[in-house]
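1. 3D, please:
(chains A and B)
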Number of protein chains: 2
Amino acid sequence: MSTKTHSVVIVGYGGMGSYHAKLIKDNSRLKVTGTYDVLEARRAASQEDGYSAYDSYEAVLNDSEVDVVLIATPNDVHKELAISAMKHGKHVICEKPVTMNVKDFEAMTAVAEETGLVLMVHQNRRWDEDFRIIKEMYDKRTIGDLFRIESRVHGANGIPGDWRHLEAFGGGMLLDWGVHLLDQFVFMIDSKITSVTSRLSFILGDEVDDGFDAVLEFENGVTAMIEVGTTNFITLPRWYVKGTEGTAVIEDWSLTGRCVMQNREVGKVEPKPIQAGVGLTKTMAPPSEEATLTEALPKAFEHASSFYDNFADVVEKGAEPIVKNSEVRRVLNLIEHIFKSARTGEVVKDFDMYVPKN
Amino acid sequence: MSTKTHSVVIVGYGGMGSYHAKLIKDNSRLKVTGTYDVLEARRAASQEDGYSAYDSYEAVLNDSEVDVVLIATPNDVHKELAISAMKHGKHVICEKPVTMNVKDFEAMTAVAEETGLVLMVHQNRRWDEDFRIIKEMYDKRTIGDLFRIESRVHGANGIPGDWRHLEAFGGGMLLDWGVHLLDQFVFMIDSKITSVTSRLSFILGDEVDDGFDAVLEFENGVTAMIEVGTTNFITLPRWYVKGTEGTAVIEDWSLTGRCVMQNREVGKVEPKPIQAGVGLTKTMAPPSEEATLTEALPKAFEHASSFYDNFADVVEKGAEPIVKNSEVRRVLNLIEHIFKSARTGEVVKDFDMYVPKN
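-> Sure thing, here's the model as predicted:
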């Protein structure tokens, strides 16, 4: 094993940039050796945090001690910054959404290929434990084959910050949270997306979407429902999934949740009709108690390594990246078609850039 | 006020037929004077319950003492039974779904018009208190203008009974529960439906749908999401609604629920970022406590009268029916287009038989 430490400069020392600095502190193979930000206040903050601040991006590029540029700026300048970094011999870690469309990302990957340098997008929510529990259920068929997977993220604070309100900077919730939730599905489900239907919401009067819902149909029969809202004063569960043998829920980030399954040891037990509104219903009565089993959620799927360690392995040993650029490109293409479905009010088909995993 | 009591014969003395008998006991203007069922066992059950059982439908039709025929048979014979009843001078109350398509229903309403008799469909879930609370919120703008209304009914018992599994009898959950949930929207929202998108589910291997989801877009900007499931071991809330000033939920038939609104007395309060998976989020952090108000659900909208009293008023005084045949026809047409959307996988537009309420 190499014991070299890769020198990382963080470009854009805002919320995410400083969060990277904190996380990388715990990593033995990467080391933050400086930052660069266009704002004086953020350069000062960086120095307070103990990271020297470069005066210009050129200074970063021309510093031969810098191995890696980590880009955590607004989305509109990712492409330009990444390309110049690679042209100056630096590997690149880039925040998500890496670009606002496929074409811009392809310009970046072309330079990565030319230069032989590593370009990896920080799709960190593949490591979220809630997602990894669902992936485990999907892979291991804990409640049978999952055929409907509903992934929701609800807030009530509107769109945060400044540039996230503006289209030119790649604002809006589809590009902010949507890219994570879509990336999780693309990583989990090895099947072509056959159609997408979507609606964007513009409740708050911003020029960008303050939320959206999208339904993806996969060739293997899975339906995914993805919803992001920033005007939801009451939240629906983070995950609600149906399998051929039961249902599971993860309520929130605390990972409260459960699986409820048919009890196969017990024959068919007729439920007792209940009063429902002005009518009686047997169909919608709770199943009789002995007819179901309630169990804890399974342990989460474990990645072979952390994002940063995987990045170091890719740089040092040409290891397989966990976040593949082909997947990132597929998600950007999906986002373009979600925008298209929302704009036209139609189901969009025959668009997926699917590459089978094996 | 007339004090005449209308003699009602219930045709089809199954679950719904006998439930009608129980409810009509409490009504002073209708009286169940007999029943008819093709099954010997159900004729015996009727006699045990104190209602004399006719030997044949002809005997019902030829009994001049009978004012009203109440049809609670499987769906495929509603049309034929209703038409002969009206041709024999009887008013008709018919269970839902009144028919499986618009054409059959139009054959029934044509006879009602010819004969001048009353034909009224038992869309009883317009009287459900959970629905009436939502209608009150919609009408009175309790949480601002409602723009997204999600109506779900989740069970885990599969499709109940016998004929409800069969297409020829009008089985399936879209025709069973769907007709109620759609009827509620058509009654509540005075606006044209501009599009519908739908998916049916066939998890249980029946020839009919064991559930469905449908999204309706209305011209006035409301989006309605309707979902029925019979393989949901965990339920999502019965109602989840978003207004321009807050969110409301009704969890279940017990009417547990609440409204959460922005507190307009308090200026913008920045929420504290929370740890969410491997990332931090301010967007999806709960709003700070002082920024919101939680309130009880409002009292329910009250209809001017019960279904049976309204029926008696229509018969006696030509009063306006609460369940109008134009609305019933509109819902059947909507159901036909939900089937079409599910079959084609496309958004269906320009189909709504909308008639403005005033």
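
2. residue A:299 contacts residue A:140, correct?
-> No: when contacts are counted by C-beta atoms under 8 Å, residue A:299 is not listed as touching residue A:140 (10.0 Å). Quick note: C-beta positions are derived from backbone N, CA and C, even for glycine.

3. wait, what's in contact with the residue of the stretch 101-250 of chain A found nearest chain B?
-> Using C-beta to the nearest C-beta, the closest approach of the stretch 101-250 of chain A to chain B is made by residue A:128 at 2.9 Å. By C-beta atoms under 8 Å, 6 or more residues apart in numbering or on different chains, residue A:128 lies in contact with A:184, B:276, B:277, B:278, B:279.

4. how about residue A:164, what does it touch?
-> Contacts were defined as C-beta under 8 Å, 6+ apart; by that measure residue A:164 touches A:171, A:172, A:176, A:208.

5. and the last one, what helix or strand is that in?
-> So that's residue A:208. Following DSSP states H and E, one finds residue A:208 outside all helices and strands.

6. least confident secondary structure element in chain A?
-> Across the helices and strands of chain A, the lowest-confidence element by mean pLDDT, DSSP states H and E is strand A:279-281, at a mean of 90.

7. what comes up buried for it?
-> Along strand A:279-281, the positions that meet the burial threshold by neighbour count (16 or more other C-beta atoms under 10 Å in any protein chain shown) are A:279, A:281.

8. how about the helices in the stretch 101-250 of chain A?
-> Read by DSSP state H, counting those that start in this stretch, the stretch 101-250 of chain A holds these helices, from start to end of the chain: A:102-115, A:129-140, A:173, A:179-188.

9. now the third one, how far from the centre of its chain.
-> To tie it back to what came earlier, the one meant is helix A:173. Taking C-alpha atoms, centre = their mean, to the nearest Å, one finds helix A:173 lying 12 Å from the centre of the chain it belongs to.

10. what's that helix in contact with?
-> Identification of contacts with helix A:173 by C-beta under 8 Å, 6+ apart yields A:159, A:208, A:209, A:210, A:211, A:212, A:228, A:230, B:283.

11. just stretch A:304-315 next, same as before
-> Counting contacts by C-beta under 8 Å, 6+ apart, the residues outside stretch A:304-315 that touch it are A:6, A:23-24, A:27, A:29-30, A:67-68, A:91, A:93, A:118, A:120, A:122, A:124, A:127, A:303, A:319-323.

12. now residue A:340: closest residue in space, sequence neighbours ignored.
-> Setting aside the residues directly before and after it, residue A:340 is nearest to residue A:348 in space (C-beta to C-beta, 6 or more residues apart in numbering or on different chains), at 5.5 Å.

13. what of residue A:191?
-> Per C-beta to C-beta, 6+ apart, closest to residue A:191 is residue A:220, 3.8 Å.

14. got a pLDDT number for the one you found?
-> With respect to pLDDT, residue A:220 scores 97.

15. now do the residue in the stretch 151-300 of chain A positioned nearest to chain B against residue B:132, distance only.
-> Taking C-beta to the nearest C-beta as the measure, the point where the stretch 151-300 of chain A comes nearest chain B is residue A:277, at 2.8 Å. From residue A:277 across to residue B:132, the span is 9 Å (C-beta to C-beta, to the nearest Å).

16. ok, now residue A:353?
-> The span separating residue A:353 from residue B:132 equals 49 Å under the rule C-beta to C-beta.

17. and those two? Which one has more around it.
-> A count of neighbours by other C-beta atoms under 10 Å in any protein chain shown puts residue B:132 above the other of residue A:353 and residue B:132, at 20 against 16.

18. spatially nearest residue to that one (excluding sequence neighbours)?
-> The shortest distance from residue B:132 to any non-neighbouring residue, by C-beta to C-beta, 6+ apart, is to residue B:300 (3.6 Å).

19. surely the one you found touches residue B:138?
-> No: with contact taken as C-beta under 8 Å, residue B:300 and residue B:138 are classed as non-touching, separated by 11.9 Å.

20. which residues does the residue nearest the centre of chain A contact?
-> The centre of chain A sits closest to residue A:180, judged by C-alpha atoms, centre = their mean, with a distance of 1.7 Å. Residue A:180 sits next to A:96, A:123, A:125 when contact means C-beta under 8 Å, 6+ apart.

21. 6 Å - rerun?
-> Contact criterion C-beta atoms under 6 Å, 6 or more residues apart in numbering or on different chains gives residue A:125 as the residues in contact with residue A:180.

22. ok, the one 3 residues further on next?
-> Shown here is residue A:183, whose contacts under the criterion C-beta under 6 Å, 6+ apart are A:123, A:331.

23. number of nearby residues for residue A:295?
-> As a burial measure, residue A:295 scores 13 neighbours (other C-beta under 10 Å).

24. residues of the stretch 1-150 of chain A that sit close to chain B?
-> Counting by C-beta under 6 Å from any C-beta of the partner chain, the positions of the stretch 1-150 of chain A adjacent to chain B are A:19, A:124, A:125, A:127, A:128.

25. the second one is in contact with residue B:278, isn't it?
-> Right, the one you point to is residue A:124. Yes: applying C-beta atoms under 6 Å, one finds residue A:124 in contact with residue B:278, separated by 5.2 Å.

26. higher neighbour count, those two?
-> The neighbour comparison of residue A:124 against residue B:278 (other C-beta under 10 Å) goes to residue A:124, with 22 against 17.

27. rewinding a little: isn't the residue nearest to residue A:191 up against residue A:192?
-> No: using C-beta under 6 Å, residue A:220 makes no contact with residue A:192, being 8.3 Å away.

28. more neighbours: which of these two?
-> A side-by-side neighbour count of residue A:220 and residue A:192, using other C-beta under 10 Å, places residue A:192 first with 15 against 12.

29. where are the low-confidence patches of the stretch 251-358 of chain A?
-> By pLDDT under 70, the weakly predicted segments of the stretch 251-358 of chain A are A:358.

30. chain B contacts on the stretch 151-300 of chain A?
-> Looking at chain B, the residues of the stretch 151-300 of chain A close enough under C-beta under 6 Å from any C-beta are A:153, A:155-157, A:160, A:197, A:232-234, A:246-247, A:249, A:253, A:260, A:271, A:276-280, A:282-284, A:287.

31. what's the neighbour count on the closest residue to residue A:119 other than its chain neighbours?
-> Once its chain neighbours are removed from consideration, residue A:119 has its nearest residue in residue A:112; the separation is 4.0 Å (C-beta to C-beta, 6+ apart). Other residues within reach of residue A:112 by the criterion other C-beta under 10 Å amount to 18.
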